[in-house]
Every structure is written in C-alpha cells, then in structure tokens.
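K.L.:
using only what follows, build the 3D model:
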Amino acid sequence: MELEYLLDKIIEGDENALRLLFERYSLRLFQLAYYYLQAKEPAEETVLDVFTIFWKKRQSLGHIKNIESYLYTSVKNQALHYIRRDYYSDKTSINLYEVELIPENNDPESTLLDREYEHLIQEAIDSLPPKCKEVFRLVLSDKLKNREIAELLSISESTVNEHIALAYKRISLYVRKRYK
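P.N.:
Next up, the predicted model:
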C-alpha cells in the first residue's frame with residue numbers, strides 16, 4: 001500500500017491505516033531509538049509515543065511530503081528528548097549490529113571459525129566513530145537510502161557516502177589486521 005494513501009487514510013481517522021504503518025516501520029524505528037537510548041524498554045516507549053502523537057495530530061499532517069523521513073526524525077527527536085530528561089535508567093542490552101553468516105557446512109571447526117569471524121566483524125563495527133557507525137547502521141539495519149539518511153541526520157549525501165566508504169574501509173582493515 002502506498003505511503004501517501006496510508007497517510008491520507010490516517011488523516012481521515014482510519015485506525016487500520018495507522019496499524020499498517022506501525023507494522024511496516026515499528027521495528028526499524030525501534031532500532032533507531034535503541035541506537036540513541038541503548039535500552040529496550042525506553043526505545044519501545046519512544047516508538048509508541050511517536051505513533052501516539054502522530055495519531056493525535058493526524059488532522060494537521062497534510063504537509064508531510066516524506067512520511068518515512070518524518071517518522072525517523074520524530075523518533076530521533078523523541079529519543080533525544082528522553083536522553084535530555086534522563087527518563088530511563090534500565091539498560092536491557094541487545095545488539096543492533098548482529099551479523100549472521102550463513103555457514104557453508106556444519107562441521108564444528110567451521111562453526112567455530114564462523115562465530116569468531118562474526119565476533120570480529122562486530123568488534124570492527126563497534127570500533128567505528130559514532131557518526132560513521134550511525135550512518136552505517138541506518139544503511140545496514142534500516143535499509144535507508146543515502147538521500148534519506150542525509151535528510152534524517154541533516155548532512156549532505158556526499159557526507160553520507162564518505163561515512164559509508166569509511167565504514168567499509170575500516171571494517172575491512174580491522175578484520176584483515178586481526179583475522180589471518
């Protein structure tokens with residue numbers, strides 16, 4: 001279902017359209033909130049808050065050109081609001097950058113090597129500079145386009161491209177240096 005159509009239906013008060021929008025974006029928005037808050041429960045609350053506010057303000061949403069960008073920006077702002085107010089303290093950890101490799105065979109030695117390699121890639125991702133890691137996560141986990149990331153983070157597309165290139169280069173160097 002087209003996003004513009006969903007937005008029109010939401011503005012008209014269609015709860016099913018809101019439910020569809022929530023189902024389509026809640027996981028990716030949760031990942032974004034989690035990136036900022038580093039805690040599961042506040043990240044879930046952030047996403048729910050954004051959709052609640054979105055629903056309450058539905059009649060004034062006709063100006064939105066890109067609903068996806070609007071949702072991402074809203075979640076980012078809400079998460080930053082939580083941080084400023086220090087609304088959360090419990091940090092239930094999950095890893096946003098879990099990398100799963102598909103094993104080529106099932107022998108124990110290969111499985112162990114695959115796990116070591118996954119751990120090494122995870123370390124490489126964790127070692128990226130904060131802004132670079134954020135851009136890389138938005139590309140890798142959220143599958144956002146460079147233009148969308150640039151809009152969301154208020155940076156240029158060329159800066160997004162530079163962060164992505166830097167991330168791949170650093171991950172590659174990190175892995176090559178430690179995995180021989």
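K.L.:
model confidence score at residue 78, please.
P.N.:
pLDDT recorded at residue 78 is 88.
K.L.:
centroid-nearest residue for the protein?
P.N.:
Among the residues of the chain, residue 32 comes closest to the average C-alpha position under CA atoms, centre = their mean, at 3.6 Å.
K.L.:
was I right to think that residue contacts residue 148?
P.N.:
No: assessed by CB atoms under 8 Å, residue 32 is found out of contact with residue 148, at 11.8 Å. Glycine gets a C-beta too; all of them are placed from N, C-alpha and C.
K.L.:
so what sits against both of those two?
P.N.:
Taking CB atoms under 8 Å, 6 or more residues apart in numbering as the contact criterion, the residues that touch both residue 32 and residue 148 are residue 72.
K.L.:
could you find the closest non-adjacent residue to the residue nearest to the centre of the chain?
P.N.:
residue 75 (5.2 Å; CB to CB, 6 or more residues apart in numbering).
K.L.:
going on from the lowest-mean-pLDDT helix or strand in the chain, what's the next piece of helix or strand?
P.N.:
Across the helices and strands of the chain, mean pLDDT, DSSP states H and E gives its lowest value to helix 108-126, namely a mean of 74. Following helix 108-126 in sequence order, the next helix or strand is helix 130-140 (DSSP states H and E).
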